[in-house]
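J.: have a look; sequence and predicted model below, questions after that.
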Amino acid sequence: MQRALTVCPYCGTGCMLHLVSDSGRLVGVEPSATHPVNRGSLCIKGWNAFAFVAHPERLTRPLIRKNGALVPAGWDEALERVVTGIRAVQGTSGKDSVMFAASAKATNEENFLLMKLARRVFGTNNIDHCARLCHSSTVTGLVQMFGSGAMTNSIDCFDKSDLIFVIGSNTTEQHPLIGTRIMNAVRRGTKLIVADNRCIRLSRHADLHLRHKNGSDVPLLSAMMQTIVSEGLADTEFISARTENYGALVESLAGWSPEMAASITGLAAEEIVQAARMFAGARSAMIVYAMGITQHSHGVDNVRCCANLAMLTGNIGRPGTGVNPLRGQNNVQGACDMGALPDMYSGYQRAADPDVRSKFALAWGGEPLPDTPGLPLTLAMNAAHSGSIRAMFIMGENPILSDPDQGHARAALERLDLLVVQDIFLTETARMADVVLPAACYAEKDGTFTSTERRVQLLRKACDPPGDARPDWQIIAALAKSAGYSGMEYNGTAEIMEEISRLSPIYGGISHDRLTPYGLQWPCPDHNHPGTPILHVKGFSRGVGRFMPVAYRGPAEIPDKEYPLTLTTGRTYFHWHTGSMTRRSHLLEREEREGFVEVNPADAGRINLRDGESVVVSSRRGKVFVRARLTEIVPEGVLFMPFHFAENAANALTNNVLDQESHIPEFKICAVRMERVP
Amino acid sequence: MKRLTQDELLQFLKSWETCYDLRVPILLPDGGRAICRLADGPLAMHGGSVPAKPTSLFFPQDGLVFAAGANGYLERVDTEKRLFIIGLTPTDLQCLRFIDRFFSTGERDDLYFASRDKAIIAVVSGYCGRDGEFIPPSSGSCDLELYHDGIDWLLMPYSDEGRELAASFNAGDEVVSLESVHGKAVHPPSAEQEVVLAAAAILQETELPDAFWDEIGEHCIQCSGCNLTCPTCTCFGVQDWCYGEHTERRRVWDSCQLAGFMREAGGHNPLATAGQRSRRRIHHKLVADMSRWGEIGCFVCGRCDLACPTGIGIIAVSREIVTRFGMPDDNSKRD
Amino acid sequence: MPRADSCQSRSLYIPRDATILSVTELTSREKLFRLRLSDGSELKHLPGQFIQLSILGYGEAPISVASPPTRQGYFELGIRRVGSLTTAMHALKRGDKVGIRGPYGTPFDLGSMGGKDLLLISGGCGLAPMRSLIQYAADRKSEFGRVTILYGARSPDQLLFREDLDKWETISGFACSYTVDSREGDGCYSGSTGLITDLIRPIELSPAETEAVIVGPPAMYTPVIAALKEKGLSSQQISLSLERQMRCGVGKCGHCSIEHLYCCQDGPVFRLNVIEHLHGAL
Ligand SMILES: Cc1cc2nc3c(=O)[nH]c(=O)nc-3n(C[C@H](O)[C@H](O)[C@H](O)COP(=O)(O)OP(=O)(O)OC[C@H]3O[C@@H](n4cnc5c(N)ncnc54)[C@H](O)[C@@H]3O)c2cc1C
Ligand code: SF4
Ligand code: SF4
Ligand code: FES
């Protein structure tokens, strides 16, 4: 039995594990016993990370649509079809009529190459990935205020904090091994405040649980800050030494008395005051958040409030402090770092900056790179719907299930002249494609993933891909070659990383040979740099931290007579996103076989609904049949649905309204109605 | 008995690679250890038991039950070379013995014994534990023992096969017996062993309040790590995979900490709450196994305590039980 | 050290082939399958035992044998469609082949039932295993005293083996009554409605001479046991068959454990006194 040390393919925690194989077939998993993050443990998904790899439904050959059906084809034919298809669309509708979707499941090297393919080979800035749907608000907000959009501190900081404030993160389910750090810290005496209107596991361990109404984070956080300011609990030394624009913040907080916020959030004013005093009173306090903060039409404002609160209390740049957005996908951090973004090249170098463009142009063979701004994924979907995007190349994503308003996403993809999907399974999206390219999964290739704490880690090949499937980076390189570009021939992923580090200062010191055993945390500017566990220690990345005042806006859709309930969506512990891997993993599938909707018994009582019975949940956009789970986890008036299940797709209901700055959709709130199935 | 230097040991091992499917402790790139082939990494004899459970050598996390083609069930292909496993500790050996009995009682599990029966096992003991800690030698129920006296390896054969293997290697001085080296020292139970035994005694006597188990369950994130690392856990689920006409039935380690473990098709679930599942995990080892096999099913190897991300492995829970429900000195009844 | 010779006999986990002889629809959810082992041999089971039914691609499930060993040349399985394997089974027809392992588990204690009056109480799908015992008793009437059969189902359209129920009624020395929770779905139903315990109350029995057997859904056990004890039966006189999620049927997979017992090996048929004090058994 062989072992290959690699990185868990699920969440952004970045646990490392050994894939155990026997005669070329995976037969199990063993956690890395020494890894500083997971320390010999894994969550249930990690322990089952081998389970889908040899699944009979893996894609093994390229597929091309002929006479309406997808039929197997050779690689040359498939690549040719992709290149001529894209060229044809660009010929008639312009270079920017093509959209490239990179993947938070693919490696850094692969995302970098797709970014290079889009910009250099096909001449468009239209490249983005699913970070648009999860943390684009974070990047937008934190870059403006701190100068860097990533988690400021490290996972180790959970062991060093006096107070952890979790808002909008079901950490034990979504980042389980970070969740357990929090639970363990609480047992050692760390204080915990949880702000979440569902009774998540952490709330049961919390010193204070704030069940504020969905979408009322800005009032809650503003009133906490107002209390801190008015009670003189602010860290004035930090504010004057390290920040700017404090006056504007104070001014903006003026109206936010605890009573005022109480009326909007549904909390008691005393709870808000208590939270403020606890937070400000801690020597070191961490803010931890995830989709509950970002996935709103005012997601960036939510993020700003978190950052304001941290600076107000001087909780930046020290161990056990910081603003800590937990990145969802195992490599969503990396995909952002690699410039799989319409406005950035790798290392967050702005595409609008001519110097940046000429630097990359020089490295990539001289030709000028596109200067028209690119489209974010969510707008590209709308553009496909309206006809200005004519072709899409999707690497390892399943927007039919993961994008808001499923009907809209499906119609958008149907209107394309060319849809290319590169994936490991024939997902709901791949079924609609004109060309399907079979990819190797994480266990079958080398490369790097960057975890939520900016830790760049090496994955190592444990077995061969099935049939003719190839690693994404080889597919992209082959596409470039078919398109006549010779600058993408690499002998291996280490060579791609060399190019990345040459062109991206924050990865400047990163090379594969430095990553054994536990990787390096960026920024890592040179080959002797040990990496950076905590950001903004001496100064902020942008110099001084900038306070940004926020005005409260409610959610875009609120319950009314016709749709009287609030629906919020998310994930469960056992499944990952659209379930293409976890639903093919024996134990994970057994634990959660179908979708469900959490219903408060009081709401159930009104329609005589019993536990386990089916309901129809409908919104202005669609309806879903699903089994009800009666539970006090959700408050009265609120339903919760996971979005993993194609049979009961939560995203048939969600609202495709976007935050104006980050273009993130409002997954966390829409208005619905629930009826019993007779 | 023979005395071997580290180099001689390596030679000894290499000499057996052609005849046996040799497995030895190696160093992994993250600094951890595992029992693998010599070619897979540098030999790492020191460090005590490896994290993977000993039974995984014969019964992997995901293993073939049988395969069937268009014309019926396919013959199982057993590897022709016998397994020769080095690096289990005497504690691991006790666990293995427990599971050998489990799998051979009643219907004999031929899948497990296909490789187990023919395996040659050499345990390690002496001053080669974690950080050089002393591992008390085994009672001899294996083929060979490699005892580290702080400098060299003493090779002690126990079975006929072990003697043959030792005899065929002509290096190293003869030593009379292990006893002559480390004396007749009696090794008192460790503090961990004591606390687990004390907890077992309490549980065998008393049913603890549900609230206690609920509190433990509240900390369990259902990762399954405790079961998947436990050397005396063997539960599995079954799944079929069809590759065209070729079907594989495979068995996959399962965990009683998962809500679906006992949920029946009709919806009834004897282990419906996290508290009940935590109770079952501890009770099964410390009470049920005692009733069924006459000994507790925990050999205090420490693996579940290492794997559990929230600190509720069996040793930790035993400590809780003893602290909260342990008998006061005066022997008076607990409430 | 355990050592075995190198010769490998057939694996414990490889099923034997069985051929479907006929399929009868019992209700919209249940079908009765009559099968024969493809090599022509008898199953050699006893009432109360189960087999592991295997369909390649869908795995296995424990199913009680619904026919008695006294009827040779075939065995029957009454199967409710609830999930993947049972759905696949329902799609099969005469002549199709499935896999069978077993029979496994403890049978009803025919020895100590000899000469006694039998009180056989089942609910829902539990009539399938009970039918094996009932038909056994019908075939060997002289070996038993009076046989009283009580059966309860959700609704009239969910009553299993209705023809059998009517037939058993007519056997001398047999009494058979059934009830449904609600009449819903069948306006013509003229039988009784109410809980199974309502059927127990009016029964006259001589406690010392009676052996009671219960097979039904988990929720049925507690009230039925209470009713029987009221009638003067002791735990030793009550047997029951427990359902658990079973994966192997041979005491290895661990899914069916009840404290130190394995339901597939030490059960599924238990005497009440053996399990009533075990945590989580009932
Ligand atoms: C000793 C014993 C004897 C038994 N005897 C009988 C008998 O005589 N007759 C009989 O009918 N049963 C009997 N059973 C019960 C029978 O074993 C189970 O009904 C069977 O194991 C179900 O197997 P399955 O693969 O069809 O269900 P599974 O697929 O395992 O399904 C289990 C549950 O999941 C749900 N489910 C299944 N598939 C899906 C899906 N795709 N999506 C969402 N939910 C799903 C089902 O609704 C069901 O509740 C017996 C059990 C035992 C232990
Ligand atoms: S916590 Fe995240 S990275 Fe760690 S094992 Fe679980 S899914 Fe994988
Ligand atoms: S290792 Fe700990 S958290 Fe994981 S299942 Fe076991 S008891 Fe629960
Ligand atoms: S069914 Fe596997 S142990 Fe009982």
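T.: Ah, there it is. It should be emphasised that the depicted structure is a prediction, and the values quoted were computed from it without experimental measurement. Numbering: from 1, shown residues only, chains lettered A, B, ... in the order given. Ligands and ions are numbered 1, 2, ... in the order given.

J.: number of nearby residues for the residue in chain A that chain B sits nearest to?
T.: At 3.0 Å from chain B, residue A:28 is the closest residue in chain A, using C-beta to the nearest C-beta. The C-beta positions use only the backbone N, C-alpha and C, and glycine is treated the same way. Around residue A:28 there are 26 other residues, counting by other C-beta atoms under 10 Å in any protein chain shown.

J.: how about the strands of chain B, start to end?
T.: B:2-4, B:20-27, B:33-36, B:62-69, B:72-73, B:82-88, B:120-126, B:144-148, B:153-157, B:173-174, B:236-243, B:246-253 (DSSP state E).

J.: ok, now which ones touch the residue of chain A closest to chain B?
T.: A:19-20, A:50, B:56, B:60-62, B:253 (C-beta atoms under 8 Å, 6 or more residues apart in numbering or on different chains).

J.: residue A:74 contacts residue A:62, correct?
T.: Yes. The criterion here is C-beta atoms under 8 Å, and residue A:74 meets it with residue A:62 at 7.0 Å.

J.: for the stretch 151-300 of chain B, what spans make up the helices?
T.: B:160-167, B:178-182, B:191-205, B:210-219, B:225-229, B:274-283, B:289-293 (DSSP state H, counting those that start in this stretch).

J.: kindly report the same for the stretch 51-200 of chain A.
T.: With DSSP H, counting those that start in this stretch as the criterion, the stretch 51-200 of chain A has helices spanning A:75-93, A:108-116, A:131-134, A:136-145, A:171-174, A:176-187.

J.: burial of residue 228, as a residue count?
T.: If you meant another chain, say so; for now it's chain A. Residues within reach of residue A:228, counting by other C-beta under 10 Å, total 22.

J.: switch to chain C, please.
T.: Residue C:228 has 25 nearby residues by other C-beta under 10 Å.

J.: again with residue A:181
T.: 25.

J.: how near is it to residue A:166?
T.: Using C-beta to C-beta, to the nearest Å, residue A:181 is found at 12 Å from residue A:166.

J.: okay, now the domains of the chain?
T.: Picking chain A for this. Following automatic domain parsing, one finds the domains of chain A at A:2-47, A:63-133+A:333-521, A:136-326, A:565-676.

J.: my bad, chain C
T.: If you go by automatic domain parsing, chain C breaks into C:3-104, C:110-225, C:242-282.

J.: and the longest one, how far out from the chain's middle?
T.: Read it as domain C:110-225. 12 Å (C-alpha atoms, centre = their mean, to the nearest Å).

J.: what about it, average pLDDT?
T.: Mean pLDDT, domain C:110-225: 89.

J.: ok, stretch C:21-35 next?
T.: 94.

J.: end-to-end on that stretch?
T.: 5 Å (C-alpha to C-alpha, to the nearest Å).

J.: got the contact list for the residue in chain B positioned nearest to chain A?
T.: Per C-beta to the nearest C-beta, residue B:61 is where chain B lies closest to chain A, at 3.0 Å. Residue B:61 sits next to A:20, A:27-29, A:50, B:228, B:252-253 when contact means C-beta under 8 Å, 6+ apart.

J.: on the pLDDT front, check it for me.
T.: Listed pLDDT for residue B:61 reads 96.

J.: what does residue A:137 give?
T.: pLDDT, residue A:137: 88.

J.: returning to that earlier point: now mean neighbour count and distance to ligand 4 too, for the strands of chain B, in JSON lines please.
T.: Below are the strands of chain B laid out as JSON lines (neighbours: other C-beta atoms under 10 Å in any protein chain shown; distance: least, C-beta to the nearest ligand atom, whole Å):
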{"stretch": "strand B:2-4", "mean neighbour count": "20", "distance to ligand 4": "44"}
{"stretch": "strand B:20-27", "mean neighbour count": "21", "distance to ligand 4": "29"}
{"stretch": "strand B:33-36", "mean neighbour count": "24", "distance to ligand 4": "28"}
{"stretch": "strand B:62-69", "mean neighbour count": "18", "distance to ligand 4": "13"}
{"stretch": "strand B:72-73", "mean neighbour count": "13", "distance to ligand 4": "21"}
{"stretch": "strand B:82-88", "mean neighbour count": "23", "distance to ligand 4": "26"}
{"stretch": "strand B:120-126", "mean neighbour count": "25", "distance to ligand 4": "26"}
{"stretch": "strand B:144-148", "mean neighbour count": "23", "distance to ligand 4": "34"}
{"stretch": "strand B:153-157", "mean neighbour count": "23", "distance to ligand 4": "37"}
{"stretch": "strand B:173-174", "mean neighbour count": "8", "distance to ligand 4": "49"}
{"stretch": "strand B:236-243", "mean neighbour count": "19", "distance to ligand 4": "8"}
{"stretch": "strand B:246-253", "mean neighbour count": "21", "distance to ligand 4": "11"}
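
J.: near residue 13, how many other residues are there?
T.: I'll assume chain A. Residues near residue A:13, counting by other C-beta under 10 Å: 28.

J.: actually chain C
T.: Neighbours around residue C:13, by other C-beta under 10 Å: 22.

J.: residue A:517 now?
T.: For residue A:517, the count of nearby residues is 17 (other C-beta under 10 Å).

J.: does residue A:141 really touch residue A:304, like I thought?
T.: Yes. Applying C-beta under 8 Å, one finds residue A:141 in contact with residue A:304, separated by 5.0 Å.

J.: can you work out which residues contact both of the two?
T.: What both residue A:141 and residue A:304 touch, as defined by C-beta under 8 Å, 6+ apart, is the set residue A:548.

J.: neighbour-wise, which of these two wins?
T.: Using other C-beta under 10 Å as the criterion, residue A:141 and residue A:304 rank with residue A:141 on top: 31 against 25.
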